[in-house]
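S.K.: based on what follows, work out the 3D shape:
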Amino acid sequence: MTEPARPSPAAVSVEDQAIHWDADLSYATYLQLQPLLSLQQPRSEAHDELMFIIVHQASELWMKLAIAELAAAMIEIGRGNPGPAFKMLARVSRIQVQLTESWAVLSTLTPADYSAFRGSLGQSSGFQSPQYRQLEFMLGNKNPALIRAHQQNPAAYALLERVLHEPSVYDLSLRLLHTSGLKLPTDVIERNFSIPYSARPEVEAAWAEVYRDPQAHWDLYELAEKLVDVEHQFQTWRFSHMKTVERIIGHKRGTGGSSGVSYLVRALDLRFFPELWTVRTRL
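M.R.: Okay, here's the model as predicted:
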């Protein structure tokens, strides 16, 4: 009598392995859900404080991913190989969309709701987020005075001081523009990276050449558009932040001593990549 066919050793091995994986690693353990979900510790009895904490913690997670993607993109641009950076920069833009949507949840907080637990925040303020400051520095909003808020956190202070003196993603993009044959002044390429970049007509002229002939400068053209999208989404996030704060506390001072809405309004005038915006009028 013919014996019934048996599974091949490979098939048994895969099945056994799958069973082993299920027993050894679950969704909860892979994502570290127990410690993650234990990190929400309201300091008051107010119903809305839990939402407030979760929105800000989730935002910090999204910023962590944005920093990782932007750092990887900057490495590729610095190597003169911008192609892989396009997807990374596109992901940063989509992360910014998620961050913007978080203000929609926070805007369900009324002035009375916020007043019920605002005293529990003490001097804590989003202005003190090391990750937000790192992200802004990487994008080019350099200001040495802004790291003073982190002096009580030596690790964060050291990281921000290092990033402050490193080229931003735009500085690296301008170097790539230069090495690709669209020559720029030396003081644009080699400068003090710890101070904000100032727009230059020579840089706008170089970008205009890229935009007038995309096929001849396709990688630079694509890089420019990815950078514009990042800044567009960042500005949308800033605007939503400002309007949400205005909706909840009006023009009162923010926690931590910040000036609140007036500071956020001024931030809307900041540009990371100025010539990529002004060149559009020139074309």
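
S.K.: now residue 48. Nearest residue, chain neighbours left out?
M.R.: residue 113 (4.5 Å; Cβ to Cβ, 6 or more residues apart in numbering). To be clear about C-beta, it is placed using only N, CA and C from the backbone, and glycine gets the same treatment.

S.K.: the one you found contacts residue 49, doesn't it?
M.R.: No: counting by Cβ atoms under 8 Å, residue 49 is not a contact partner of residue 113; they are 9.2 Å apart.

S.K.: the two: which is more packed in?
M.R.: Remark: of residue 113 and residue 49, residue 49 carries more neighbours, 22 against 17, as counted by other Cβ atoms under 10 Å.

S.K.: which strand or helix spans the most centrally placed residue in the chain?
M.R.: What sits nearest the mean C-alpha location of the chain, by Cα atoms, centre = their mean, is residue 66, with 4.1 Å. Using DSSP states H and E, residue 66 sits within helix 49-78.

S.K.: and the longest helix along the chain, what does it pack onto?
M.R.: When the chain is parsed with DSSP state H, its longest helix is helix 218-249. With contacts defined as 3 or more Cβ pairs under 8 Å, 6 or more residues apart in numbering; DSSP states H and E, helix 218-249 has these neighbours: helix 83-106, helix 111-115, helix 130-139, helix 169-179, helix 201-212, helix 261-267, helix 274-282.

S.K.: and those helices: which comes nearest residue 60?
M.R.: helix 130-139 (5.9 Å; Cβ to Cβ).

S.K.: quick one, that closest one and helix 49-78 angle?
M.R.: Interaxial angle of helix 130-139 relative to helix 49-78 (axes from the mean of the first three to the mean of the last three Cα atoms, to 10 degrees): 30 degrees.

S.K.: now do the helix or strand just after helix 130-139, average pLDDT.
M.R.: As assigned by DSSP H and E, the chain's next helix or strand after helix 130-139 is helix 154-164. Taken as a whole, helix 154-164 has an average pLDDT of 96.

S.K.: pull the residues that contact helix 154-164.
M.R.: 130, 133, 134, 137, 138, 142, 144, 147, 150, 151, 193, 194 (Cβ atoms under 8 Å, 6 or more residues apart in numbering).

S.K.: quick one, which of those are buried?
M.R.: 130, 133, 134, 137, 138, 142, 147, 150, 193 (16 or more other Cβ atoms under 10 Å).

S.K.: dump those to TSV, plus distance to residue 57 and pLDDT.
M.R.: Listed next are those as TSV, based on distance: Cβ to Cβ, whole Å; pLDDT from 0 to 100:
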residue	distance to residue 57	pLDDT
130	14	95
133	17	95
134	17	97
137	22	97
138	21	98
142	27	93
147	23	90
150	19	90
193	31	96
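
S.K.: of those residues, closest to residue 228?
M.R.: The closest of these, once distances to residue 228 are taken by Cβ to Cβ, is residue 138, at 16.5 Å.

S.K.: with adjacent residues omitted, what lies nearest to that closest one?
M.R.: Residue 138's closest residue in space is residue 70 (Cβ to Cβ, 6+ apart), at 5.4 Å.

S.K.: show the pLDDT at the one you found.
M.R.: 98.

S.K.: likewise the one 4 residues further on?
M.R.: Predicted confidence (pLDDT) for residue 74: 98.

S.K.: pretty sure it contacts residue 171?
M.R.: No: counting by Cβ under 8 Å, residue 74 stays clear of residue 171, with 9.3 Å between them.
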